[in-house]
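A.B. asks: Quick one, structure for this:
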Amino acid sequence: KEISQLQDKEIAMKKTAARGSKAEQKAKKKQVDEEISRLSAKLKEGHAGELASLGYSGGSNNDNGKEKGNLDTLVKAIAGVSVSSQTDHSKPSKSVKRREKR
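C.D. replies: Modelled structure (predicted):
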């Protein structure tokens, strides 16, 4: 929900930055990009804080990159996005079965 609100705000900001002369557009676009990156970082920090308050610990002995990967995986799992590949669980199509018979 918060991510979609951030995306809506991002679109609105980009639309307003597209007005004016070329130089104004360039300056506004740079400001908008900085603002968007700041807001998205703030949102990610908030989500990490919420996860920490719910009892998730990323493992204090792990590297930061590994910890971030685990956090991203957990966020995807909570959001309902499949972490594993979809091809493992899907059944083969008729054409694939026919090719395997040959």
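A.B. asks: which residues are contacting stretch 32-43?
C.D. replies: The contact list for stretch 32-43 (CB atoms under 8 Å, 6 or more residues apart in numbering) reads 2-3, 6, 9-10, 13-14, 17. Where C-beta positions appear, they are placed from N, C-alpha and C, glycine not excepted.
A.B. asks: ok, which stretches of the chain are strands?
C.D. replies: Assigned by DSSP state E, the chain shows no strands.
A.B. asks: Any regions of it where pLDDT drops low?
C.D. replies: Residues of the chain meeting the criterion pLDDT under 70: 56-89.
A.B. asks: Could you pick out the longest helix of this structure?
C.D. replies: With secondary structure taken from DSSP state H, the chain has its longest helix at helix 22-53.
A.B. asks: thinking again about what came up before, in ChimeraX, how would I select the buried members of the contacts of stretch 32-43?
C.D. replies: Listed next is the ChimeraX selection for buried residues among the contacts of stretch 32-43, using 16 or more other CB atoms under 10 Å:
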select :10,13,17
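A.B. asks: re the thing from before, any buried residues in the longest helix of the chain, and which?
C.D. replies: Within helix 22-53, the residues scored as buried using 16+ other CB under 10 Å are 28, 32, 36, 47-48, 51.
A.B. asks: Tabulate the residues you listed (a markdown table), appending distance to residue 98.
C.D. replies: A markdown table is the format used below for the buried residues of helix 22-53 (distance: CB to CB, whole Å):
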| residue | distance to residue 98 |
| --- | --- |
| 28 | 57 |
| 32 | 53 |
| 36 | 49 |
| 47 | 46 |
| 48 | 49 |
| 51 | 47 |
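A.B. asks: Between all of those, which two are separated the most?
C.D. replies: 28 and 51 (34.4 Å; CB to CB).
A.B. asks: just the contacts of stretch 32-43 now: which is nearest residue 93?
C.D. replies: Using CB to CB, the contacts of stretch 32-43 come closest to residue 93 at residue 3, 33.7 Å.
A.B. asks: For the closest one, which residues are in contact?
C.D. replies: residue 43.
A.B. asks: What separation do you get for it and residue 9?
C.D. replies: Distance of residue 3 to residue 9, given as CB to CB, to the nearest Å: 11 Å.
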